[in-house]
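Asks: Fold the stuff below for me.
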Amino acid sequence: MLDRPDPDVLLANQSNHGRGRLKLFLGYIAGVGKTFSMLQAAQAAQSAGFDIIAGWIEPHARAETTALLEGLEILQPRKVAYRGIELADFDLDACLARSPKIVLLDELAHTNAPGLRHDKRWQDVEELLGQGIEVWTTLNVQHLDSMNDVVARVTGVFVRETVPDAIFDKADEVEVVDVAPEDLLERLRQGKIYPPEQAERALATFFQRRNLLALREITLRRAADRVARDVDSARSQANVKAIWPVRERLLVSVSPSPTSEDLLRAAARMAARWGADLLAVHIETPSRGILEARAKDQLHHNLAVAENLGAETVILQGEEVARDLVAYARTRNVTKIVLGKNRDPGWVRIFKRTIGDELLRISGDIDLYVITGRDNVTEQPARSRPTAFSWRGFVGTTLLCAGFTALALFFKSLGMVEANVVLTLLLGVVVVAGFFGLLASVFASVLMVLAFNYFFTRPFYSLAVDDPQYYLVFLFLLIVGTVIGTLAERLKVQTKASRSREQRMEALYRLSRELSHSVDQNEVVSVAEGMLSHLFELRVRVLVPQNGLWEAEVEGVPRLFSDKDIALFNWVLENSKKAGWSTTTLSQADKLVCPLEGTIGILGVLVLEKAQYTETLSADSMLLLEALTRTVSISLERVTLVHENQKNVLAVEAEKTRNSLLHGLSHDLRTPLTVMIGTVSTLLGTPRLDEVEQTALETIGRESRWLGRQVDNLLDLTRLSDSVLQPHKEWLPAEDLAYSAKERLHELHPEAKVELRLPFALPLIFVDALLLQRALLNLLENAVAYAGQDSI
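Replies: Numbers count the residues shown, from 1 in each chain. Modelled structure (predicted):
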């Protein structure tokens, strides 16, 4: 069972059939040499005879990078006219028509020019890969979705252009372009990354050594995680059984024993010391029988402890614990197995090999660690037991044995041989085992031996035995009956486990099917509450906070929950862990609260209200609840994203309409304003104007020019919001910009009195001079208009 190839790998291989390869050049910051390394590799590939073109390269005005473009076929950029501006970008259609073997595309996180087929360059890459074209591209770690916020906390810079992690994970090859921070800083000082004036500011802000070290570590760790997955995938595809100790990975065997908690903590300390992944695995086998309620609770507690310690918990169905542990360990490339010390008496090992002994024999190249737990455990380890032998089973077994004995006597009266009599009695043992289990079958074996001795051996109707050979028959009957009973009990356990799994899968299927038809949040909540309430026979509520408030906190809504309940809900939201009844956190609560967690965060909580006299939920019920909770979370996230997408589409359309109106209005106003200003200037040059006419024309001219500036502001606003007008930033003295704005205000409002007070030695600022001057001028004009001429 555990040696089968990974179906996910098989599906991935099938989906990649005919798809182009993706090679990523990953760096931790600008200037490490990603584009340079990609072009070097491209030159080598072209020399080897590969058909390769440069689809889009950003040389960044670096001579070394530009030199590597020589000899490469360069795809002509596509020109896009957008609101009076001509933009250049990668020509996807031309590349598809050219259909090279390899295409180079710099800056994977780039946002395409408006009007192109895709909004993002990584979407262009996806289409190229789908057409069988191999793509080489570059990426900085801060542009990965999952790393974006981490990098922002380290550097204080939040990057807007991001790439989904799925693109990175699907890359066929990732090459880390690395350079020591000291060397990178030296290159920056030499002007090989930015111009000297810009480099000086970068050294004092983003390019600080501590930032570079942190970004470098983030990049190397992300690449190491990717390599670890590649190793697991390669081993799975090749069906490799040998362990590759490239990375430490620990597996700890979890049982329903109180000492397993100590074992888990010891394994967690070992994993932390070695920087290893930790797997907590429990093997369910028929030989262990059906766990008691106490044993199930202990097992659930142990698995919860494992999760709290950061372990990945796994429950497997198997036949032999040791062999299944080793088989699973080999599929996960586990280097070390940790288990507890066996506490059975020494004489037991004479008749039964312990799990530790069996692991030691078959583990091969996997290291085995045996941990000694507490010696002063007052509670006996939770064990499993066979099906209970009730008084009904006792009566039923006795009646069945009597019936089959009567049948055997009937066969004897017909003159059948003694072997048929023995088989008839054995059939009775089999029937008893099927109905009442192991203990009943052992009892039936004893009864059948006594019946055979009493009714079918000489002297008849006596327990005395004349022929000693019958003792062998008695022993045979007893052994065969016990074995048959054991096998029947095991089959019963397997059947019950299979039925439990089938019910679990059926519940998941029914819930998934019903939720798939739900189109909004209210429908998802209604379906989930109805089906889960019926399944668990408890009151179930699905709560989604609206604007950060629960139903009980909204005025005018009946209070269904107390303040303690609200505090419990908030704790679950903040910690993303289940709490309340049947857990080890706030266990005295009368509600079990589970987080509904999706990829976009915590969406809400699922609440099970404890009924009167209800026992703690079993481990099986908790596992089923977790699976159902994930299904509800996925559906909630789906309808939430659909709703958000609809709102975003409406917002985008509204923004486009607003911008179009503003743009059209601005253009329509520009021409008459220009004519008006020109006419006023002409009239002001006319002689013989009286004072009133002169003042009126000057006022018209001044207000017309003000209105013209507002029209220009509206035009720039629409162009900025549509990403058509790109700021051209450069390092400039702050005081020069301030004085320039003051002089411009004096030209427009000569009567305004402006006093400029600036601190000594202001730093350079990295801005677009024209846009910032216009913003400062607008602020000053507002001050003149609303604060008065003498108040600035």
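Asks: Now do S47 against Q198, distance only.
Replies: Distance, S47 to Q198, by Cβ to Cβ, to the nearest Å: 36 Å. Just so you know, the C-beta spots here come from the backbone N, C-alpha and C atoms, and that holds for glycine as well.
Asks: for the spatially most central residue of the chain, phi and psi?
Replies: Residue closest to the average C-alpha location in the chain (Cα atoms, centre = their mean): T599, at 6.1 Å. Main-chain dihedrals, T599, degrees, to the nearest 10: phi -70, psi -20.
Asks: Check the one 3 residues further on too.
Replies: Reported as degrees, to the nearest 10, the phi and psi values for I602 are phi -80, psi 120.
Asks: For the closest residue to S99 other than its chain neighbours, give its distance to D93.
Replies: Nearest residue to S99, sequence neighbours excluded (Cβ to Cβ, 6 or more residues apart in numbering): I133, at 6.6 Å. Relative to D93, I133 is positioned 13 Å away (criterion: Cβ to Cβ).
Asks: ok, these two, which is more surrounded?
Replies: I133 (22 against 10; other Cβ atoms under 10 Å).
Asks: which residues does the more buried one contact?
Replies: By Cβ atoms under 8 Å, 6 or more residues apart in numbering, the contact list for I133 reads 20, 95-96, 99-103.
Asks: I'd like those laid out as a markdown table, including distance to K192.
Replies: As requested, the contacts of I133 are exported to a markdown table (distance: Cβ to Cβ, whole Å):
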| residue | distance to K192 |
| --- | --- |
| G20 | 33 |
| C95 | 30 |
| L96 | 35 |
| S99 | 36 |
| P100 | 30 |
| K101 | 32 |
| I102 | 27 |
| V103 | 27 |
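Asks: nearest to L535, of the residues you listed?
Replies: Checking these against L535 with Cβ to Cβ, the nearest one is G20 at 46.3 Å.
Asks: which ones are touching the closest one?
Replies: Contacts of G20 (Cβ under 8 Å, 6+ apart): 128-135.
Asks: More neighbours: which of S47 and Q198?
Replies: Each of S47 and Q198 has its neighbours counted (other Cβ under 10 Å); Q198 has more, 17 against 9.
Asks: Are we agreed that that one is in a strand?
Replies: No: counting by DSSP: H, G, I helix; E, B strand; the rest coil, Q198 is not found in a strand; it is helix.
Asks: How about it: what's its closest non-neighbour residue?
Replies: Counting by Cβ to Cβ, 6+ apart, the nearest residue to Q198 once its immediate chain neighbours are dropped is W731, at 5.6 Å.
Asks: now do L87
Replies: Nearest residue to L87, sequence neighbours excluded (Cβ to Cβ, 6+ apart): A113, at 4.2 Å.
Asks: Tell me, how many residues neighbour the one you found?
Replies: Neighbour tally, A113, other Cβ under 10 Å: 21.
Asks: If I follow the layout properly, it ends up in contact with I85?
Replies: No: at 9.6 Å, A113 does not count as touching I85 under the criterion of Cβ atoms under 8 Å.
Asks: What residues does L426 make contact with?
Replies: L426 makes contacts with 448, 477, 480-481, 484, as judged by Cβ under 8 Å, 6+ apart.
Asks: Take those and lay them out in CSV including secondary structure and neighbour count.
Replies: Listed next are the contacts of L426 as CSV, based on DSSP: H, G, I helix; E, B strand; the rest coil; neighbours: other Cβ atoms under 10 Å:
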residue, secondary structure, neighbour count
M448, helix, 27
L477, helix, 22
V480, helix, 16
G481, helix, 26
I484, helix, 21
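Asks: got a markdown table for these, with pLDDT and distance to Q612 too?
Replies: Below are the contacts of L426 laid out as a markdown table (pLDDT from 0 to 100; distance: Cβ to Cβ, whole Å):
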| residue | pLDDT | distance to Q612 |
| --- | --- | --- |
| M448 | 84 | 47 |
| L477 | 76 | 51 |
| V480 | 79 | 49 |
| G481 | 75 | 45 |
| I484 | 78 | 44 |
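Asks: Among these, which one sits closest to S146?
Replies: Once Cβ to Cβ is applied, the member of the contacts of L426 that ends up nearest S146 is I484, at 56.9 Å.
Asks: which ones are touching that closest one?
Replies: The contact partners of I484, taken as Cβ under 8 Å, 6+ apart, are 426, 429-430, 433, 441.
Asks: so what's N112 up against?
Replies: Residues near N112 by Cβ under 8 Å, 6+ apart: 89-90, 118-121, 124.
Asks: same check, this time on D520
Replies: Counted by Cβ under 8 Å, 6+ apart, D520 has contacts 639, 643.
Asks: before we move on, the earlier item: the residue nearest to Q198 - that's part of a strand, no?
Replies: Yes: according to three-state DSSP, the state of W731 is that of a strand.
Asks: For the most far-flung residue of the chain relative to its centre, give me the pLDDT.
Replies: Most distant from the centre of the chain: R688, at 80.8 Å, with distances by Cα atoms, centre = their mean. Looking at R688, its pLDDT stands at 73.
Asks: what helix or strand is it on?
Replies: R688 belongs to no helix or strand when assigned by DSSP states H and E.
Asks: Distance check, it against T65.
Replies: Going from R688 to T65 by Cβ to Cβ gives 68 Å.
Asks: try A234
Replies: With the distance defined as Cβ to Cβ, A234 ends up 34 Å from T65.
Asks: Same question for L447.
Replies: In this view, L447 and T65 are 92 Å apart by Cβ to Cβ.
Asks: Show the subsequent helix or strand relative to the longest helix belonging to the chain.
Replies: When the chain is parsed with DSSP state H, its longest helix is helix 619-684. On the C-terminal side of helix 619-684, the closest following helix or strand by DSSP H and E is helix 691-721.
Asks: and that following helix, what's its mean pLDDT?
Replies: In this model, helix 691-721 carries a mean pLDDT of 75.
Asks: which residues of the stretch 351-500 of the chain score low on pLDDT?
Replies: Within the stretch 351-500 of the chain, the stretches with pLDDT under 70 are 351-353, 373-390, 497, 500.
Asks: 50 instead, please
Replies: Scanning the stretch 351-500 of the chain for pLDDT under 50 picks out 376-386.
Asks: What of the stretch 101-250 of the chain?
Replies: For the stretch 101-250 of the chain (pLDDT under 50), the answer is none.
Asks: at 80 what do you get?
Replies: For the stretch 101-250 of the chain, the stretches with pLDDT under 80 are 115, 148-150, 152-160, 190-207, 228-247.
Asks: still on that earlier bit, and which of the contacts of I133 is nearest to E537?
Replies: Of all those, E537 sits closest to G20, with 53.7 Å by Cβ to Cβ.
Asks: Quick check, pLDDT for the closest one.
Replies: On the pLDDT scale, G20 gets 91.
Asks: can I assume it sits in a helix?
Replies: No: secondary structure of G20 (three-state DSSP): coil, not part of a helix.
Asks: The contacts of N112: which two are farthest apart?
Replies: Largest separation among the contacts of N112 by Cβ to Cβ: F90 and D119, giving 12.9 Å.
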